[in-house]
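Asker: how would this look folded up:
(one chain, ligands or ions: 1)
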Amino acid sequence: MTARALDEEELARLADGVRDGRRADVSRAITLVESTKPAHRAAARDLLSRLTAGDAVRVGISGVPGVGKSTFIEQLGTRLTAAGHRVGVLTVDPSSVRTGGSVLGDKTRMARLATDPQAYIRPSPAAGTLGGVARATTQAMAVLEAAGHDVVLVETVGVGQSEITVAGMVDTFLFLTLARTGDQLQGIKKGILEIADVIAVNKADQEHEGEARVAARELAGALRLVHGKGEWAPSVVTCSGLTGEGVDEVWQRVLDHRGHLGEEGLAAKRAGQQLDFTWSLVRDELADRLRRSPGVAAIRDDVRRRVLEGEINAPVAADLILEAYDRD
Ligand code: GDP
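Answerer: The predicted structure is shown next:
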């Protein structure tokens with residue numbers, strides 16, 4: 001896409017194409033909302049304001065590399081499209097932020113779903129901060145919903161902050177794990193157990209089936225300690241993305257979680273997410289303005305030198321930078 005802003009007519013045509021669910025237009029629209037160029041960002045806002053908000057079932061799916069996410073999503077996705085759903089798959093990949101390369105969302109990882117006309121798979125934007133990727137993903141989700149996708153799966157790799165970020169943009173968070181028992185349970189970060197709404201012990205096939213069931217039982221016990229009475233206690237089920245065994249049950253648990261939220265609960269959750277998203281957009285934009293500030297640029301090297309030489313301390317240096325920014 002060129003750096004030139006789209007004109008009125010092009011935007012209107014793009015919005016029509018998205019509404020009609022035309023793949024090429026959906027791809028162009030997502031490229032637009034992923035762009036960090038100021039002119040594109042304005043065009044993206046304009047585009048989104050022309051699209052009606054959709055109402056998809058939004059599910060985050062996470063787990064460590066190798067847990068079987070892509071195999072599972074392929075299995076679940078093809079079942080959902082066979083049942084008449086239109087499925088969008090997005091990814092939030094922290095490795096792409098660091099390296100510019102992506103380990104998730106590679107289309108070859110989901111060969112069948114990638115060629116399914118009722119599905120749309122989009123790899124993670126390859127650059128930017130996690131906040132920037134989150135902004136792009138949230139808007140890509142809006143594009144997919146406007147294009148008629150009624151299920152959006154957001155995949156992320158099971159490390160750190162990306163899971164919290166994804167949990168903040170979906171209705172239900174599904175955590176895939178492998179059979180671990182006893183002490184190995186400690187290996188699952190407590191933070192994950194707090195944000196997971198449904199947990200599936202994957203690869204419960206072949207010789208691992210019994211082991212997976214024991215692990216699921218222990219995990220369910222551990223979760224009862226984390227969650228208070230009356231709260232949604234995440235269901236723990238076993239499944240195999242490879243054979244498909246238990247995958248429908250996992251989906252049923254996702255729907256049960258939505259049922260538990262209820263219409264009002266879901267609306268309140270999404271409203272809260274919008275508010276959080278608002279502030280994260282503001283923080284992102286401020287960080288951008290700080291980077292672009294001529295006043296800051298003018299003193300940056302001097303401040304850096306004075307801090308490194310021990311002439312001024314960090315709070316004094318920070319004040320100098322903020323004063324320069326405010327004077328712009
Ligand atoms: P991801 O990195 O989480 O996306 O994991 P993949 O879906 O790429 O799977 C990693 C490896 O585990 C591959 O070799 C898969 O064939 C295998 N695998 C995935 N799901 C299952 C499963 O349900 N059972 C078994 N036995 N192997 C699986």
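
Asker: what helices or strands is the helix or strand residue 137 falls within leaning on?
Answerer: If you go by DSSP states H and E, residue 137 is part of helix 130-146. Applying 3 or more C-beta pairs under 8 Å, 6 or more residues apart in numbering; DSSP states H and E, one finds that helix 130-146 makes contact with helix 8-19, helix 23-34, helix 38-50, strand 87-92, helix 94-99, strand 151-157, helix 161-167, helix 247-292. (Glycine included, C-beta is placed from N, CA and C.)

Asker: which parts of the third one are buried?
Answerer: Right, the one you point to is helix 38-50. 40, 41, 43, 44, 46, 47, 48 (16 or more other C-beta atoms under 10 Å).

Asker: contacting residues around the next helix or strand after that helix?
Answerer: Per DSSP H and E, the first helix or strand lying C-terminal to helix 38-50 is strand 57-63. The contact list for strand 57-63 (C-beta atoms under 8 Å, 6 or more residues apart in numbering) reads 69, 72-73, 141, 150-158, 162-163, 166-167, 169-177, 192, 202, 254-255, 258.

Asker: Enumerate the residues of the chain near the ligand.
Answerer: Contact residues, the chain versus the ligand (C-beta under 6 Å from any ligand atom): 63, 65-71, 109, 202-203, 205-206, 240-242.

Asker: Using neighbour counts, trim these to the buried set.
Answerer: Among the residues of the chain next to the ligand, those scoring as buried are 63, 67-71, 109, 202-203, 205, 240-242 (criterion: 16+ other C-beta under 10 Å).

Asker: So which of those sit within strands?
Answerer: residue 63 (DSSP state E).

Asker: burial measure for residue 132, as a count.
Answerer: Other residues near residue 132 come to 17 when the count uses other C-beta atoms under 10 Å.

Asker: Repeat that for residue 77.
Answerer: 25.

Asker: So which other helices or strands are in contact with the helix or strand containing it?
Answerer: Assessed by DSSP H and E, residue 77 sits inside helix 69-82. The helices and strands touching helix 69-82, judged by 3+ C-beta pairs under 8 Å, 6+ apart, are strand 57-63, strand 87-92, helix 111-114, strand 119-122, strand 151-157, helix 247-292.

Asker: Can I get it in PDB, CA atoms only?
Answerer: Extracted in PDB, the C-alpha atoms of helix 69-82 (Å, rounded to 0.1, in the frame of the first residue of the first chain):
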ATOM      1  CA  LYS A  69      -2.300 -24.600  18.700                       C
ATOM      2  CA  SER A  70      -2.200 -24.600  14.900                       C
ATOM      3  CA  THR A  71      -3.300 -28.200  14.700                       C
ATOM      4  CA  PHE A  72      -6.100 -27.500  17.100                       C
ATOM      5  CA  ILE A  73      -7.300 -24.300  15.300                       C
ATOM      6  CA  GLU A  74      -7.300 -26.100  12.000                       C
ATOM      7  CA  GLN A  75      -9.400 -28.900  13.500                       C
ATOM      8  CA  LEU A  76     -11.800 -26.500  15.300                       C
ATOM      9  CA  GLY A  77     -11.900 -24.000  12.400                       C
ATOM     10  CA  THR A  78     -12.900 -26.600   9.800                       C
ATOM     11  CA  ARG A  79     -15.600 -28.000  12.100                       C
ATOM     12  CA  LEU A  80     -17.000 -24.500  12.600                       C
ATOM     13  CA  THR A  81     -17.000 -23.700   8.900                       C
ATOM     14  CA  ALA A  82     -18.600 -27.100   8.200                       C
END
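
Asker: May I see the buried residues of that helix?
Answerer: Quick answer for helix 69-82 (16+ other C-beta under 10 Å): 69, 70, 71, 72, 73, 74, 75, 76, 77, 78, 80, 81.

Asker: which residues are in contact with stretch 233-251?
Answerer: Identification of contacts with stretch 233-251 by C-beta under 8 Å, 6+ apart yields 68, 71-76, 79-80, 174, 193, 196-205, 209, 212-213, 216-217, 219-220, 223-224, 227, 253, 256-257.

Asker: Quick check: mean pLDDT of that stretch?
Answerer: This predicted structure assigns stretch 233-251 an average pLDDT of 94.

Asker: Tell me the gap between it and the middle of its chain.
Answerer: Centroid displacement of stretch 233-251 relative to its chain, using C-alpha atoms, centre = their mean, to the nearest Å, is 21 Å.

Asker: start to end distance for that stretch?
Answerer: The straight-line separation of the ends of stretch 233-251 (C-alpha to C-alpha, to the nearest Å) is 16 Å.

Asker: Could you do stretch 238-245 as well?
Answerer: The first and final residues of stretch 238-245 sit 9 Å from each other (C-alpha to C-alpha).

Asker: And stretch 120-129, by the same measure?
Answerer: With C-alpha to C-alpha applied, stretch 120-129 spans 24 Å between its terminal residues.

Asker: any idea how far it is from the chain center?
Answerer: Worked out by C-alpha atoms, centre = their mean, stretch 120-129 lies 10 Å from the chain centre.

Asker: in it, what's buried?
Answerer: The neighbour-count check on stretch 120-129 (16+ other C-beta under 10 Å) flags 120, 121, 122, 123, 124, 125, 128 as buried.
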